[in-house]
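*Asks:* one predicted model, sequence on top.
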Amino acid sequence: SHYYDAGVVCYADEIKARLVGGIQPNEGRVELYYSNTWGSVCGEMSDWDIRDSNVVCRMLGYSFATKAWGPGQFGGGNGNTSLYKPYCSGTESSIAECYNSGWSTLCDSSLYHDFGVECTNQLISVRLINNVGVPSHEGRVEVYYNNTWGTVCDEGWDIRDANVVCRMLGYSFAMQYRTSAYYGAGSGPVWMSGLSCTGRESNL
């Protein structure tokens, strides 16, 4: 029953990542949430490689990147302020730790490009679904498995499970966990029930 759908409230880091425009949830244009708005990552073609992509994929809970995509693959960003010319060693836990040329609006120029990635080694993907007016860092947990989005039953659901979900979404940790369809009942299959995470896993 969806009456028992689980939810979380994640710690809203200053910078978090998402992938936009891909066919599958593990690929897309890289967008970063900074200063209360979503923007892209841009620069010249030589400014983006697999090392930068690996950092973004790990922020999203994947193990590594299989492709560093250049401009046009997933469309252009919205023109908001973007991270300009990042240079990562590949070992950073966040792209914010990488050397860069700051936050810029130069991505509006045709001389610069929005970058994308393709990530791998994540058995499932997760997302948060919430009502209008609810912050994006909290919501009902939904799991993408077998080409279908479904929910998680709250049987055994606790802060350790919530921590894993939040890290999969690029947050540092969970502040709260929710039960009894706090964010409304979902639809489709209930993919998981009776979870018992230690809280240190990279994936549910």
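*Replies:* That came through fine. These numbers come from a predicted model, not from an experiment.

*Asks:* so where's the protein uncertain?
*Replies:* 11-14, 78-81, 105-112, 121-123 (pLDDT under 70).

*Asks:* what ranges do the strands span in it?
*Replies:* Using DSSP state E, the strands of the chain run over 7-10, 16-21, 27-34, 37-43, 64-69, 82-84, 103-104, 113-114, 116-120, 125-129, 138-145, 148-152, 174-178, 190-192.

*Asks:* how about CSV for the ones you listed, with distance to Val164 and mean neighbour count added?
*Replies:* Every residue, glycine included, has its C-beta placed from N, CA and C. Shown next, in CSV, are those (distance: least, CB to CB, whole Å; neighbours: other CB atoms under 10 Å):
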stretch, distance to Val164, mean neighbour count
strand 7-10, 10, 26
strand 16-21, 16, 20
strand 27-34, 20, 23
strand 37-43, 24, 22
strand 64-69, 18, 18
strand 82-84, 26, 24
strand 103-104, 30, 16
strand 113-114, 30, 26
strand 116-120, 17, 24
strand 125-129, 9, 20
strand 138-145, 10, 21
strand 148-152, 11, 20
strand 174-178, 8, 19
strand 190-192, 11, 18
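
*Asks:* for those strands, give me JSON lines that also has distance to Asp161.
*Replies:* Output for those, formatted as JSON lines (distance: least, CB to CB, whole Å):
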{"stretch": "strand 7-10", "distance to Asp161": "8"}
{"stretch": "strand 16-21", "distance to Asp161": "20"}
{"stretch": "strand 27-34", "distance to Asp161": "23"}
{"stretch": "strand 37-43", "distance to Asp161": "27"}
{"stretch": "strand 64-69", "distance to Asp161": "24"}
{"stretch": "strand 82-84", "distance to Asp161": "31"}
{"stretch": "strand 103-104", "distance to Asp161": "34"}
{"stretch": "strand 113-114", "distance to Asp161": "34"}
{"stretch": "strand 116-120", "distance to Asp161": "22"}
{"stretch": "strand 125-129", "distance to Asp161": "11"}
{"stretch": "strand 138-145", "distance to Asp161": "9"}
{"stretch": "strand 148-152", "distance to Asp161": "8"}
{"stretch": "strand 174-178", "distance to Asp161": "7"}
{"stretch": "strand 190-192", "distance to Asp161": "9"}
